[in-house]
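Chemist: Next input, structure requested:
(2 chains)
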Amino acid sequence: MLHQIISAGFGGQGVLLLGQLIAYSGLQEGKNVSWLPSYGPEMRGGTANCSVVVSDEEVGSPVVTEADVVVVMNRPSFEKYEGNVAPGGKLFVNSSLIDLKTERTDIEVYYVPVNAIAEELGNGRVANMVMLGAVLEKTGIVSPKTAIACLTASFGAKKAHLIPVNEQALAKGAEAVK
Amino acid sequence: MAKKLMKGSEAIGEAAIQAGCRYFFGYPITPQNEIPEYMSRRLPQEGGCFLQAESEVAAINMVYGAAGAGARVMTSSSSPGISLKQEGVSYIACAELPCVIVNIMRVGPGLGGIQPAQGDYFQATKGGGHGDYHLVVLAPSTVQEAADMVMEGFDIADTYRIPVMVLGDGMIGQIMEPVEFRQPKKREVPAKTWAATGWEDKSRDRAVINSLYIEPEQMLEVTERLMARYEQIKQNETKVETFMMEDAEYCITAYGTTARIAKSAVLKARAMGIKVGLIRPITIWPFPSEAYEKAADQVKAFLTVEMSAGQMVEDVRLAVNGKKPVYFKGTLGGFVPTTQDMVNELVKLTEGRE
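Modeler: Alright, predicted model coming up:
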């Protein structure tokens, strides 16, 4: 099993955390993982992305160029990374903010209005978790249960009250692509 | 201990602390700021001292001082900052003091950019500062290896009274991977009887920490002692990984993160029927020449890949010594080569051209 994932959006959308949660969860499930962020002068409001690898084997290149899963949370990311989906791979598009449709026919595309769904849940900040729910539903890279366990561990007692809404976000995201 | 997912920079910091390092002097620079950040948080908890110096020059001279007093001490920086430290590094080498220096390379020359590169190979392995000296240079390709190398680096430094450099690139600094902290193999690390720790009881000769030898006879004695020690280090500490070289007809070679990409390329090329193997120097000084000498009798050609304009390739050519062609493929500007780039180069190699 080898998953190569790109998660991209603008700073603050939680695209790095989305990738980290996949990596954390992969580690918990006994896989080899790597998480490589873009870093640069483009932090606040700029674009952010990360490459994640989850594999049964040792991780070779941590830089993902032919991804089997690409998540795009804003329009510039769609334009930049649509072409990085390997043939047969899956593209997850945040249709709340991206009004483009892909013209590619060799990939599977899921348009998920993650901001709208998050707002319905009463917390716009869980849009990334809605997206993660959709990704995990369609790819099974890791189990949503593991993702929540990792989030619980990293949130600690102070933020424990935020776990239920994150759990709901994962479930809603999964539902949206069922 | 269970594996933790950690950033390379943070793992380097924690590894130093686990190895007994209690002093860190540095000056911030991307892409390694998480090292000083981590040390600033952790060292006070361990009763150590983190100090952000006023400059890189000050930082390396603080390292010189702490090392002279026998402490386990580390500094870290990235390429332009490491350049600023070179005078101090040469002094520390001459004064025969142990310390660990981390260079998380960014692209140059000049202030350059902040993306990953491997353009400091010459600086790290051929001198950097002035005079006849060497550092032991360890080149990690994963976060786990970076942590292991920092921990063992302190032991190597103390054993041979030599500065040890851990040479990573921006990717090693920024990537998160699982890591566990494990003590290196036990060594007989000699006591630091030479350290300048006070002279109250007069029970031994005065400890003098110095790098100035005006008398040529004295300077000769010091450099000969250094050279003899370097020979010992070559014998004992040279490390290399070979991968699928047993039946290889071609050899790709790289160090650091480039080597793990090369490993993926080997697997991909093998799946296409190209019999290729990898030689990965783990120590780039001392350089594992023997592995190449041996391979030169077996393979048809070598391909060196680096994120530079061609630096390690010179050591590969010296080792292969004209027996077989040695080709080079570099990426510049802070770009990272892809597995496919390397496979394409390997295909070219099998077609007998470069």
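
Chemist: who's in contact with A:Val71?
Modeler: A:Ile5, A:Ile6, A:Ser7, A:Ala8, A:Gly9, A:Val15, A:Leu18, A:Phe92, A:Met131, A:Val135 (Cβ atoms under 8 Å, 6 or more residues apart in numbering or on different chains). Placement of C-beta: from N, CA and C, glycine included.

Chemist: average pLDDT for the helix or strand encompassing the last one?
Modeler: Think A:Val135. Using DSSP states H and E, A:Val135 sits in helix A:127-139. In this model, helix A:127-139 has a mean pLDDT of 98.

Chemist: thinking again about what came up before, which of the contacts of A:Val71 has the most neighbours?
Modeler: Most neighbours among the contacts of A:Val71, by other Cβ atoms under 10 Å in any protein chain shown: A:Ser7, with 35 neighbours.

Chemist: now the residue in chain A that chain B sits nearest to: how far from B:Ile261?
Modeler: Here chain A gets closest to chain B at one residue, A:Gly60, 3.0 Å apart by Cβ to the nearest Cβ. Distance of A:Gly60 to B:Ile261, computed by Cβ to Cβ, to the nearest Å: 6 Å.

Chemist: what touches both of those two?
Modeler: If you check A:Gly60 and B:Ile261 against Cβ under 8 Å, 6+ apart, the residues they both contact are B:Thr339.

Chemist: where do the helices sit along the stretch 251-354 of chain B?
Modeler: Along the stretch 251-354 of chain B, counting by DSSP state H, counting those that start in this stretch, helices occupy B:257-271, B:289-296, B:312-320, B:339-350.

Chemist: actually the stretch 101-250 of chain B, not the one I typed
Modeler: Using DSSP H, counting those that start in this stretch, helices in the stretch 101-250 of chain B cover B:121-126, B:143-160, B:170-174, B:216-237.

Chemist: Spatially nearest residue to the residue of chain B found nearest chain A (excluding sequence neighbours)?
Modeler: Nearest residue of chain B to chain A (Cβ to the nearest Cβ) works out as B:Ser264 at 3.0 Å. Closest residue to B:Ser264 apart from its sequence neighbours, by Cβ to Cβ, 6 or more residues apart in numbering or on different chains: A:Gly60 at 3.0 Å.

Chemist: hang on, the earlier thing: so which of the helices of the stretch 101-250 of chain B is the most packed in?
Modeler: Scoring these by mean neighbour count under mean count of other Cβ atoms under 10 Å in any protein chain shown gives helix B:170-174 as the most buried, with a mean of 28.

Chemist: Show me what it is packed against.
Modeler: Packed against helix B:170-174, as judged by 3 or more Cβ pairs under 8 Å, 6 or more residues apart in numbering or on different chains; DSSP states H and E, are the following elements: strand A:32-37, helix B:8-18, strand B:99-105.

Chemist: How far away from the center of its chain is it?
Modeler: 14 Å (Cα atoms, centre = their mean, to the nearest Å).

Chemist: Ok, stretch B:50-69 next?
Modeler: Distance, centroid of stretch B:50-69 to centroid of chain: 20 Å (Cα atoms, centre = their mean).

Chemist: mind saving the C-alpha coords of it as PDB?
Modeler: Extracted C-alpha coordinates of stretch B:50-69, given in PDB (Å, rounded to 0.1, in the frame of the first residue of the first chain):
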ATOM      1  CA  PHE B  50      20.300  28.400  25.400                       C
ATOM      2  CA  LEU B  51      21.700  31.700  24.100                       C
ATOM      3  CA  GLN B  52      20.800  33.600  21.000                       C
ATOM      4  CA  ALA B  53      24.000  35.300  20.100                       C
ATOM      5  CA  GLU B  54      24.400  38.700  18.500                       C
ATOM      6  CA  SER B  55      25.800  37.100  15.400                       C
ATOM      7  CA  GLU B  56      27.000  33.800  13.900                       C
ATOM      8  CA  VAL B  57      30.600  34.800  14.700                       C
ATOM      9  CA  ALA B  58      29.700  35.300  18.300                       C
ATOM     10  CA  ALA B  59      27.800  32.000  18.400                       C
ATOM     11  CA  ILE B  60      30.700  29.900  17.100                       C
ATOM     12  CA  ASN B  61      33.100  31.500  19.500                       C
ATOM     13  CA  MET B  62      30.800  30.700  22.400                       C
ATOM     14  CA  VAL B  63      30.900  27.100  21.200                       C
ATOM     15  CA  TYR B  64      34.700  27.400  21.200                       C
ATOM     16  CA  GLY B  65      34.600  28.500  24.800                       C
ATOM     17  CA  ALA B  66      32.100  26.000  26.100                       C
ATOM     18  CA  ALA B  67      33.900  23.100  24.200                       C
ATOM     19  CA  GLY B  68      37.200  24.300  25.800                       C
ATOM     20  CA  ALA B  69      35.600  24.000  29.200                       C
END
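
Chemist: which residues are contacting it?
Modeler: Against stretch B:50-69 from outside (Cβ under 8 Å, 6+ apart): B:23-28, B:36, B:39-40, B:43-44, B:73-75, B:77, B:81-82, B:84-85, B:87-89, B:91-92, B:95, B:97-99, B:101, B:195-197, B:209.

Chemist: buried set for that stretch?
Modeler: Under the neighbour-count criterion of 16 or more other Cβ atoms under 10 Å in any protein chain shown, stretch B:50-69 has B:50-51, B:53, B:56-69 buried.

Chemist: on that earlier part again, which of A:Gly60 and B:Ile261 has more neighbours?
Modeler: B:Ile261 (25 against 22).

Chemist: Nearest residue to the more buried one in space, please, no chain neighbours.
Modeler: A:Ser61 (4.2 Å).
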